[in-house]
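> All I have is the shape, not the residue letters:
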């Protein structure tokens, strides 16, 4: 059995049948197991039980930077920690990823969920992804368009049956610091450079989100729901302080899942060894020696409470795995 405790930021004591450390693409050529899960840092993962197959641990680390006029082409090995990359880029005066500072996880995992924070989604800055097909054993290149980036989604998330191992991610970044300050907490602020913006982002995240190195968690557990504007307007009449945000679709708007959870009475609660974070109800935390079934039970309780109060169905953002592979919350 392979211990997965170090490879899931919830800190759950779970195992897989086998585990293989992947340091280069060549290591993938010898992988022929049928049941496979690919992990980097394990920061957006929930295991509901031990896994009966093989887990591949991504440790591919490389960095190639080419300047192209006012831009940089930055090709990064998928096993590099995203926050380490951002710090290194800023030291070299390469900008664009600052708003994603302090997000745990690897470069390879980030595009799958199209991670985003403080007005920036990582997919907006990606030009190309290289992946290794573990079923047919060849390398495949995905253009930005083929990645099909959407809110907390991508081609790789919707086609997980293909068993694609992302080996590198290529970004188009900037040689000049042009801060993106569309997020409400950043508007009207001035930053002298990217390091200053990064420091502000780190401070904002630490004020609301627990450090997974200290308190087990997988970050934001639920997606912010997108609903019809007509439905949102009716809710706004009942709850005037309810945050409502625009989306790329004219007929849709986005609600704040954390606000919904808090107003449903679930902020800071504790059930067994798990609970919601006192500073951000969107985060489920391991309060000490939590069991996988406790996390699932609390998540289902929160979903039920929010639906009972608002008629809004929350959808988990974390990728969830059981003994036989990835699970759908609709079937749990």
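Structure's in. What do you need? Quantities reported herein were computed from a predicted structural model and do not represent experimental measurements.
> So which bits of stretch 90-97 are buried?
Neighbour counts over stretch 90-97 (16 or more other CB atoms under 10 Å) mark 90, 94, 95, 96, 97 as buried. (Each C-beta comes from the backbone N, C-alpha and C, glycine too.)
> Output the residues you listed in a markdown table; the columns should cover secondary structure.
A markdown table is the format used below for these (DSSP: H, G, I helix; E, B strand; the rest coil):
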| residue | secondary structure |
| --- | --- |
| 90 | helix |
| 94 | coil |
| 95 | strand |
| 96 | coil |
| 97 | coil |
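> could those residues be laid out in TSV, adding pLDDT and distance to residue 169?
Putting these into TSV (pLDDT from 0 to 100; distance: CB to CB, whole Å) gives the following:
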residue	pLDDT	distance to residue 169
90	98	18
94	98	15
95	98	17
96	98	13
97	98	11
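> how about the strands in the stretch 201-332 of the chain?
Ranges of strands within the stretch 201-332 of the chain are 216-220, 226-228, 244-246, 252-255, 270-271, 274-276, 283-286, 319-322, 325-326, based on DSSP state E, counting those that start in this stretch.
> among those strands, which is nearest residue 176?
Closest to residue 176 of the strands of the stretch 201-332 of the chain is strand 244-246 (CB to CB; 27.6 Å).
> helices or strands next to the closest one in the packing?
strand 252-255 (3 or more CB pairs under 8 Å, 6 or more residues apart in numbering; DSSP states H and E).
> tell me the mean pLDDT for the strand it packs on?
The pLDDT scores in strand 252-255 average 95.
> Distance of residue 114 relative to residue 164?
Distance of residue 114 to residue 164, computed by CB to CB, to the nearest Å: 15 Å.
> Show me how the record splits the chain into domains.
Following automatic domain parsing, one finds the domains of the chain at 2-58, 63-205, 222-315.
> export those to JSON lines and tack on distance to residue 214?
Output for these, formatted as JSON lines (distance: least, CB to CB, whole Å):
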{"stretch": "domain 2-58", "distance to residue 214": "10"}
{"stretch": "domain 63-205", "distance to residue 214": "12"}
{"stretch": "domain 222-315", "distance to residue 214": "10"}
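> from the buried residues of stretch 90-97, which is closest to residue 14?
Nearest to residue 14, judged by CB to CB, of these is residue 97 at 31.2 Å.
> list the contacts for the closest one?
Contacts of residue 97 were listed using CB atoms under 8 Å, 6 or more residues apart in numbering, and they are 82, 85, 86, 89, 120, 122, 125, 171, 173.
> Show me the helices in this protein, by range?
Assigned helices in the chain, in chain order: 25-28, 82-91, 110-113, 144-147, 155-158, 194-208, 229-238, 257-263, 292-310 (criterion: DSSP state H).
> tell me how far the first one is from the chain's mean position?
Think helix 25-28. Here the centre of helix 25-28 is set off from its chain's centre by 25 Å, with CA atoms, centre = their mean, to the nearest Å.
> rewinding a little: export the buried residues of stretch 90-97 to JSON lines and tack on distance to residue 261?
Listed next are the buried residues of stretch 90-97 as JSON lines, based on distance: CB to CB, whole Å:
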{"residue": "90", "distance to residue 261": "33"}
{"residue": "94", "distance to residue 261": "37"}
{"residue": "95", "distance to residue 261": "34"}
{"residue": "96", "distance to residue 261": "31"}
{"residue": "97", "distance to residue 261": "28"}
